[in-house]
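S.K.: Provided below are the primary sequence and the corresponding predicted coordinates.
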Amino acid sequence: MKIGFHGGVGEVTGSRHLLEAEGLKVLLDCGLFQGHRKEALAKNRTTPFDAAEVNAVLLSHAHVDHCGNLPLLVKRGFKGLIYCTEATLEIAAIMLRDSARLQESDAKFFNKIHARQGSAETIEPLYDEADVDACLARLVPRPYMTWVDLSDKVRFRFHNAGHVLGSAMIEVEVAPATGGRRRVFFTGDLGRRKSLLMDPPDVPKTVDYLLIESTYGDRNHDPVDRVESLIKTVVDRAVAEKGKILIPSFALERTQEIIFVLEKMIRRGQIPLIPVYVDSPMAINITEIFSRHLDGFSFSPEFKDYVAREGDPFDFKAIRYVRTSEESQTLNDKKGPMIILSASGMCEGGRILHHLRNNLDKDTTTILIVGYQAQGTLGRRLQDGAKKVKIFGLEHEVWARVETLYTFSAHADQSDLLWFMKSLDPRPRKIFLVHGDPDDRAALKQALRVEGITRVECPDYGDVFDLA
Ligand SMILES: [Zn+2]
């Protein structure tokens, strides 16, 4: 048995690991590398194994850094099935179509700029919408906690990962010819022990080889119960000043978490009823999937109790879903107070840009940052206190207040990761730290050593390990 690490090691995108066992090649995730264009593009175009020889893909969840390279795998000859949970299948369809559109427009933009500069260099999108359709035809849903045979020697099942709707950890059980059983366990992205919507991750019984993410291997998040008091301060001020609150938000999970918190607070009378606009077609489509899966396996009992008492939290009287861009433009002329949730989450594109352009110069505006802002993005510049920013090539002065809520994260922090690994009894034969930057992985490895957990590896891109 062997495991090869072909992405998502020493970095947080491009999750892709190849397990070879008893004559089968099983790919765990096939994600898109993101970051600097040239480097990411080169990695995305490289398939370091023969796609046609892969027998099956097990997909942990629908974020593009975990599923975004599947259409290329299919284009390059993969003929097997891609297993995932029902909700992941529905969300992946939206994410992959969006990814194809982004790549097509990105390639067009790149080629236009290069042609203008007299360069003959052009790029092709990795895949188009037809490739996405071919890929989606291979996705098959399987329920949580149900064994699925891949052969008479290899089977797998999904566990709740508590990360986003539909997210799964993957347990692969192999019965080697030499006898006994070996269990390989891949966490995908691991959720938190306490979150607003999701149930905490399952802790498996016996694991021989663990592949665990380490995104926040070096730090702990603010506790989730601080969210409400911070939101109340921001909303009360917007009401007093008749201002607008702009929330750049990721379409999957973060938008739904914010809606749920606002709905609860309005219902309890903690904040007044003011309009909440969800201004992103992708976020609206994903929210509809949440509404269809309210009794889903991965939601927390508290969330399900709330739904049983109060009904669908994504359908309440303050909320307005804005589908068309014309409707989105009319928000510019409306007076506050109001809350606008819009994409993209790091202010790099999408409708949030026209809201920022129209409201940054007003001191009654609050920009509420609720997610990670990467270096070099407009969201990060605002978060860092820039007094002037450029949008669509024009400079805008920033008079708006910028506030950050550090409490939201769909990822386990260091204490959650340690809790998960300390709960495994007996200890795994080997732990592989994946999906984390080098410093975060090193910090987590050190923290594990302090806990007496050794036999921990930090694999590099391309490394292959024999699993006895
Ligand atoms: Zn994820």
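M.R.: Arrived safely.
S.K.: all strands for the stretch 251-400 of the chain, in order.
M.R.: Taking DSSP state E, counting those that start in this stretch as the test, the strands found in the stretch 251-400 of the chain are 276-279, 319-321, 338-342, 366-369, 388-391, 394-397.
S.K.: hmm, who's touching the longest one?
M.R.: Residues outside strand 338-342 that contact it (CB atoms under 8 Å, 6 or more residues apart in numbering): 235, 238, 244-249, 255, 258-259, 262, 274-280, 283, 331, 350-352, 355. In this view, the C-beta of every residue, glycine as well, is placed from N, C-alpha and C.
S.K.: still on that earlier bit, is it possible to get CSV of the strands of the stretch 251-400 of the chain that adds mean pLDDT?
M.R.: Below are these laid out as CSV (pLDDT from 0 to 100):
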stretch, mean pLDDT
strand 276-279, 97
strand 319-321, 96
strand 338-342, 97
strand 366-369, 97
strand 388-391, 94
strand 394-397, 95
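S.K.: possible to save those as a markdown table with mean neighbour count and distance to residue 448?
M.R.: Below are those laid out as a markdown table (neighbours: other CB atoms under 10 Å; distance: least, CB to CB, whole Å):
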| stretch | mean neighbour count | distance to residue 448 |
| --- | --- | --- |
| strand 276-279 | 24 | 41 |
| strand 319-321 | 17 | 43 |
| strand 338-342 | 25 | 38 |
| strand 366-369 | 23 | 31 |
| strand 388-391 | 14 | 41 |
| strand 394-397 | 11 | 46 |
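S.K.: so can I have JSON lines of those strands showing distance to the ion?
M.R.: Formatted as JSON lines, these follow (distance: least, CB to the ion, whole Å):
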{"stretch": "strand 276-279", "distance to the ion": "21"}
{"stretch": "strand 319-321", "distance to the ion": "24"}
{"stretch": "strand 338-342", "distance to the ion": "20"}
{"stretch": "strand 366-369", "distance to the ion": "19"}
{"stretch": "strand 388-391", "distance to the ion": "28"}
{"stretch": "strand 394-397", "distance to the ion": "32"}
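S.K.: Of all those strands, which one is nearest residue 434?
M.R.: Closest approach to residue 434 among the strands of the stretch 251-400 of the chain (CB to CB): strand 366-369, 27.4 Å.
S.K.: Show me what the closest one is packed up against.
M.R.: Using 3 or more CB pairs under 8 Å, 6 or more residues apart in numbering; DSSP states H and E, the elements in contact with strand 366-369 are helix 227-241, strand 244-248, helix 378-383, strand 401-404.
S.K.: if we go to 10 Å?
M.R.: Here strand 366-369 touches helix 227-241, strand 244-248, strand 338-342, helix 352-359, helix 378-383, strand 401-404, going by 3 or more CB pairs under 10 Å, 6 or more residues apart in numbering; DSSP states H and E.
S.K.: just the ones you listed: most buried one?
M.R.: Across the helices and strands packed on strand 366-369, averaging neighbours per residue (mean count of other CB atoms under 10 Å) puts strand 244-248 on top, at a mean of 27.
S.K.: Can I get the strands of the stretch 251-400 of the chain in TSV including distance to residue 6?
M.R.: Formatted as TSV, the strands of the stretch 251-400 of the chain follow (distance: least, CB to CB, whole Å):
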stretch	distance to residue 6
strand 276-279	37
strand 319-321	39
strand 338-342	35
strand 366-369	33
strand 388-391	38
strand 394-397	42
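S.K.: how about those strands, which one is nearest residue 452?
M.R.: Comparing these by CB to CB, strand 366-369 comes nearest, at 38.2 Å.
S.K.: What parts of the stretch 101-250 of the chain come near the ion?
M.R.: Within reach of the ion by CB under 5 Å from the ion, the stretch 101-250 of the chain has these residues: residue 189.
S.K.: Which residue ranges of the stretch 101-250 of the chain form helices?
M.R.: Ranges of helices within the stretch 101-250 of the chain are 129-136, 227-241, based on DSSP state H, counting those that start in this stretch.
S.K.: can you tell me which of those helices comes nearest to residue 96?
M.R.: Nearest to residue 96 among these is helix 129-136 (4.6 Å), distances taken as CB to CB.
S.K.: contacting residues around the closest one?
M.R.: Residues external to helix 129-136 that are found in contact with it (CB atoms under 10 Å, 6 or more residues apart in numbering): 30, 57, 67, 69-75, 78, 82, 89, 92-93, 95-101, 104, 125, 127.
S.K.: again, 8 Å this time
M.R.: With contact meaning CB under 8 Å, 6+ apart, helix 129-136 is reached by 70-75, 82, 92-93, 96-97, 99-101, 127.
S.K.: Just the buried residues out of those residues, in PyMOL syntax.
M.R.: Per 16 or more other CB atoms under 10 Å, the buried members of the contacts of helix 129-136 correspond to this PyMOL selection:
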select buried, resi 70+71+72+73+74+75+82+92+93+96+97+99+100+127
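S.K.: Quick check: of the contacts of helix 129-136, which lies closest to the ion?
M.R.: Set against the ion, the nearest of the contacts of helix 129-136 by CB to the ion is residue 92 (11.9 Å).
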